[in-house]
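Enquirer: Give me the fold of what follows.
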Amino acid sequence: MPDTAPQPEPLEDTSVDRSSKEKPAPPRRMSAKAVLWVALAVFAQESVWNFYDAQVPSELRQYIASAGLVGLIMGMDNFLGVVIQPWMGFLSDRRARQGRGRWAIILTGAVLASVPFALIPWTNSLLLLMVCVVSFAAMANAFKGITETLVSDYVEPSHRSKAQSFVKAGVSLTIVVSSLISLFVVDRSITLAFAIPPVLMLLMLATSFLGRRHHANTLPPAGEPTATGTDSAEEAGQTDFTSPWAVIKDMVRDPSRARALLMLGIFCFAGMWSALRALLTPYGIEALGLSRGAAGGLALPGAIAFLISVVPLAYASSRLGKVRAMRYGVGLFIVGLIVGFAVPTVPGTVTSMVIASVGYATFAVNALVALWDLAPNRYVLGTYTGLYTVASSTGAALGPALLGLTVDVTGWRFMLLNGAVFAAITFAVFARLDRRTSPRAA
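Expert: Reported below is the predicted structural model:
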C-alpha cells in the first residue's frame, strides 16, 4: 500500500462518493424495523454472554478453590477477543466487499458456539470443563464483533448513533433475561438452564436473519451503486487491505492521528468504567459499611439511568457531534465520581453512579460509530469493530488492576477520587481529539 495514508473521511457521512458528478441523494430516514432486526441479533448473542458470566464461575468453583484463578479464566474470553475479532472482522469485510454479506459467519459461529455452551454442565472433570469453556469463548468471539458491525450494514451513517442507542438499550435488558433464568431454572435443572440461552440465541438470530431481508442497506461490491452514490475508482483501490495489520498500519500512518487518539480514548474510558463496576461492591462494604448484598445493589440506579438516557443522548449527539458529545460525557463521568467522593454516603454514592452512568452512556452510543466514521472507507468496518474490541477489552482488563493499586496506596475512602484523576486523563485525550476533528464533527 502507498506510504501516505488516506485522510479520514467526514465523521458524519463517509458513504458519500466525493468524485461523483451527481449530487448525492439525501440520507434516508432510519428504518425502525432494520434497527429492530439488528438489535435482536446483538441481544441474542449478549444474552448468552451474560448467562456465561453469571454461571460459569460457579461451575469452575467446583474444581478450583482460588478466586483469583477463576477470575483469570473468566477474563480469558477478553484475551481471545483481542486475538480473534480483528481477523474475523477482516474476513467479514472481504465477504461484504464481494457482496456475500456477514450472515454466514454469524449463523455458523452461533451454531458451533451453542454446542460447547450447552455441554458445560454435563462435564465431570476440570479438563472437560475447560475444553467447553475455551471452545465456546473462541467460537463466540469469532462472530461477536461481526454481529455488532451489522449496524453499519443496515443503517445510514447519519443515523448510526441513534441505532446504536437502541441496540445498547436492548443489550442492557439481557441482564434481566439472564437473571430470570438463574432465578427460576438454575436450582431446578442446571442442564436445562444452560440449554435455554443458546436455543434463544439461535431462534432470535434466525428471526433477525429472515426479517432483515426487506430492510437491509447492505454494501455492494466496490464500483457498484450504493444508497448515496457510486463508488469511485479511488475508493475501490483503497479497499485492498491484505490483512488486519495493513489496516492498523494505515491507522498509525494517519497524519491527523485522530483514529489512534480515539482508540486511546476508548481504552481509557472502558478501563475506568470497568474498574468502577468491578470495585464498587467492595467499596460499598469497606467505605460505606454496607452488607455484601446492599453493596451489590449500588449499581442498580445507575443501570436504570443508563437505560433511560441512552436513546435521548444519541439524538443529542447527532446534533452536537459524536466526539464532542463523548468529551462532555467524560466530563460528566468525572463530576459523578467527585460527587461520590465529596459525599461518602449511600445517597451520595447512588447519585454518583447515576451521573457517571449517564456520562458513560454518551460514550457507549458514540465510540464505535465515531471509529467507523473515521475509517478510510466502508469496507474495513468489520475490522474496525475488531480494533474497537482490542482497545475496550484491553482497557477493561487493566482498568480494575490500576485503580485497585491506587486503593492499596490511599485506601477505599479515596477510590472515587482516584478514578476521577484517571478519568481526567481520558478527558484530555478526547479534548485533543475534539480539536483534531472539530471541523468535520460539527
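Enquirer: then stretch 142-151 to CSV, C-alphas only?
Expert: C-alpha atoms of stretch 142-151 as CSV (Å, rounded to 0.1, in the frame of the first residue of the first chain):
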residue,chain,number,x,y,z
ALA,A,142,-15.5,-15.3,16.2
PHE,A,143,-18.9,-13.7,15.4
LYS,A,144,-19.4,-11.3,18.3
GLY,A,145,-17.9,-8.3,16.7
ILE,A,146,-19.3,-9.1,13.3
THR,A,147,-22.9,-9.1,14.8
GLU,A,148,-22.2,-5.6,16.2
THR,A,149,-21.0,-4.5,12.7
LEU,A,150,-24.5,-5.1,11.3
VAL,A,151,-25.4,-1.6,12.4
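Enquirer: what residues does it touch?
Expert: For stretch 142-151, the external contacting residues (Cβ atoms under 8 Å, 6 or more residues apart in numbering) are 38, 41-42, 44-45, 49, 81, 84-85, 88-89, 92, 102, 105-106, 108-110, 113, 160, 163-164, 167, 212, 368-369, 381-382, 385-386, 388-389. Yep, even glycine has a C-beta here, placed from its N, CA and C like the rest.
Enquirer: Take these and keep only those in helices.
Expert: 38, 41-42, 44-45, 49, 81, 84-85, 88-89, 92, 105-106, 108-110, 113, 160, 163-164, 167, 368-369, 381-382, 385-386, 388-389 (DSSP state H).
Enquirer: Mind giving me the PyMOL command for buried ones among the residues you listed?
Expert: Written as a PyMOL command, the selection of buried residues from the ones in helices among the contacts of stretch 142-151, which uses 16 or more other Cβ atoms under 10 Å, is:
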select buried, resi 38+41+42+44+45+49+81+84+85+88+89+92+105+106+109+110+113+160+163+164+167+368+369+381+382+385+386+388+389
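Enquirer: Run through the neighbouring helices and strands of the helix or strand hosting residue 277.
Expert: Using DSSP states H and E, residue 277 maps to helix 258-288. Contacts defined by 3 or more Cβ pairs under 8 Å, 6 or more residues apart in numbering; DSSP states H and E place helix 258-288 against helix 244-253, helix 292-296, helix 322-342, helix 346-373, helix 381-410, helix 415-441.
Enquirer: how far off helix 381-410 does the last one point, in degrees?
Expert: Computed by axes from the mean of the first three to the mean of the last three Cα atoms, to 10 degrees, the angle separating helix 415-441 from helix 381-410 equals 150 degrees.
Enquirer: and helix 415-441, average pLDDT?
Expert: Taken as a whole, helix 415-441 has a mean pLDDT of 82.
Enquirer: Outline the domain layout of this structure.
Expert: Domain assignment for the chain by automatic domain parsing gives 32-215, 243-441.
Enquirer: Please compute how far the longest one lies from its chain's middle.
Expert: It refers to domain 243-441. Relative to its chain's centre, domain 243-441 lies at 11 Å (Cα atoms, centre = their mean, to the nearest Å).
Enquirer: mean pLDDT lowest for which of the helices and strands packed on helix 258-288?
Expert: Of all these, the minimum mean pLDDT falls on helix 292-296 (a mean of 69).
Enquirer: Burial check on residue 193, number of neighbours?
Expert: Residues near residue 193, counting by other Cβ atoms under 10 Å, number 18.
Enquirer: again with the one 3 residues further on
Expert: The number of residues packed near residue 196 is 18, by other Cβ under 10 Å.
Enquirer: Same question for residue 320.
Expert: For residue 320, the tally of surrounding residues (other Cβ under 10 Å) stands at 18.
Enquirer: any idea how far residue 128 is from it?
Expert: 52 Å (Cβ to Cβ, to the nearest Å).
Enquirer: got it, and residue 322?
Expert: 46 Å.
Enquirer: Check residue 409 too.
Expert: On the measure of Cβ to Cβ, residue 409 and residue 128 end up 42 Å apart.
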